[in-house]
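# pasted the sequence and its predicted model underneath.
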Amino acid sequence: MSPVVPRAPTRQTAFPLPICFALGLLSPLPSACGEGGAPYDQLNSEWEFEEPGLSETPDTPDVDTDAPPELPENEGRYLAPLPEGFEVERFDDAIVFHLEWEHLTDERPLVSKSVDLDLVYCRTPPATTFTRLEPEHCVAWSTPEVTWEEGGNSVLIRTGPDATRDGIPEQIGHPSLQQHDTHVGVLYASGGYEARATLSVYVDGELYQQKEQILSERGQTWYALIASWNAITISPALRAAPPCAALPDAECANTQLYLGPVPLADD
């Protein structure tokens, strides 16, 4: 089974209204919403930015006025802040997994280094690792709605659109399940900063559990938690997933984070 890989180059998901409102303020594009809207891939590099001013070139005879001026270190396209009070509505499903993150940097974030994390959700059996290639038991932003068979019933698993920057969440929601274990993973898809990921679990609209983890580079995966389901209770039994260091054959970024395929716990 293939591990989670960076997102495919073509995305056709349109923005929901709250994100459209934010992009209307942030982006010079004519439209990014509704049918025919620009895909998230295109907008990933087109958030509004501010070009810093250039230092004046000294008026000396040795200056080559045709040469482009050099920019000071760390100057370039800056990631624009989201509007004050900006918020994406949380899913209203009985069970919601909600991921947000923040940049951990003292510099003003650059668009080219903006961190993109992906929320991936799988069930065992039959899944053995986090992947977006088998939606019948693993989902992410690339599979907005998938039906899983649970105890003879069809259960709708839905995901939010791809959030390609900090301040915009990724979500997965569904009714309470009756069997299987499900596994939550967070993949560092792209970026150039450390980021603090916050994973929140909501049951019937109430915060049930919250966890944090710092990720620092592309390719890292945080195996965040395991949820065990039964037909008696609505709330799952949540338990910690094994850290990478606990598995001798796993490729690790550090004691907690994985670099290669993540073996999903089967008990």
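Now that the structure is in, tell me what you want to look at. The structure presented is a predicted model; accordingly, all values stated were derived computationally and were not measured.

# now do the strands in the stretch 151-267 of the chain.
Taking DSSP state E, counting those that start in this stretch to define them, one finds strands in the stretch 151-267 of the chain at 153-159, 170-174, 181-190, 194-203, 206-215, 221-228, 237-240.

# got the contact list for Pro175?
93-95, 155-156 (CB atoms under 8 Å, 6 or more residues apart in numbering). In short, each C-beta sits where N, CA and C put it, glycine included.

# please name whichever of the strands of the stretch 151-267 of the chain is nearest to Leu259.
Among the strands of the stretch 151-267 of the chain, the nearest to Leu259 by CB to CB is strand 221-228 (7.6 Å).

# any low-confidence regions in this structure?
For the chain, applying pLDDT under 70 flags the ranges 1-76, 267.

# what do you get if the cut-off is 50, keeping everything else the same?
Along the chain, the model assigns pLDDT under 50 to residues 1-58, 60-61, 63-65, 67-69, 71, 74-75.

# show me how it divides into domains.
Domain assignment for the chain by automatic domain parsing gives 11-47, 95-246.

# could you dump these to CSV with distance to Leu264?
CSV is the format used below for these (distance: least, CB to CB, whole Å):
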stretch, distance to Leu264
domain 11-47, 26
domain 95-246, 5
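
# what's the closest non-adjacent residue to Cys122?
Cys138 (4.0 Å; CB to CB, 6 or more residues apart in numbering).

# and Ala231, by the same measure?
Of all residues not flanking Ala231 in the chain, Gln178 sits nearest, at 4.2 Å (CB to CB, 6+ apart).

# with Leu99 as the reference, measure out to that neighbour.
For Gln178, the distance to Leu99 equals 25 Å [CB to CB, to the nearest Å].

# more neighbours, those two?
Neighbours were counted for Gln178 and for Leu99 using other CB atoms under 10 Å; Leu99 has more, 22 against 14.

# next, the angle from the helix or strand that contains that one to strand 153-159.
Using DSSP states H and E, Leu99 sits in strand 95-104. Angle between the axes of strand 95-104 and strand 153-159 is 20 degrees (criterion: axes from the mean of the first three to the mean of the last three CA atoms, to 10 degrees).
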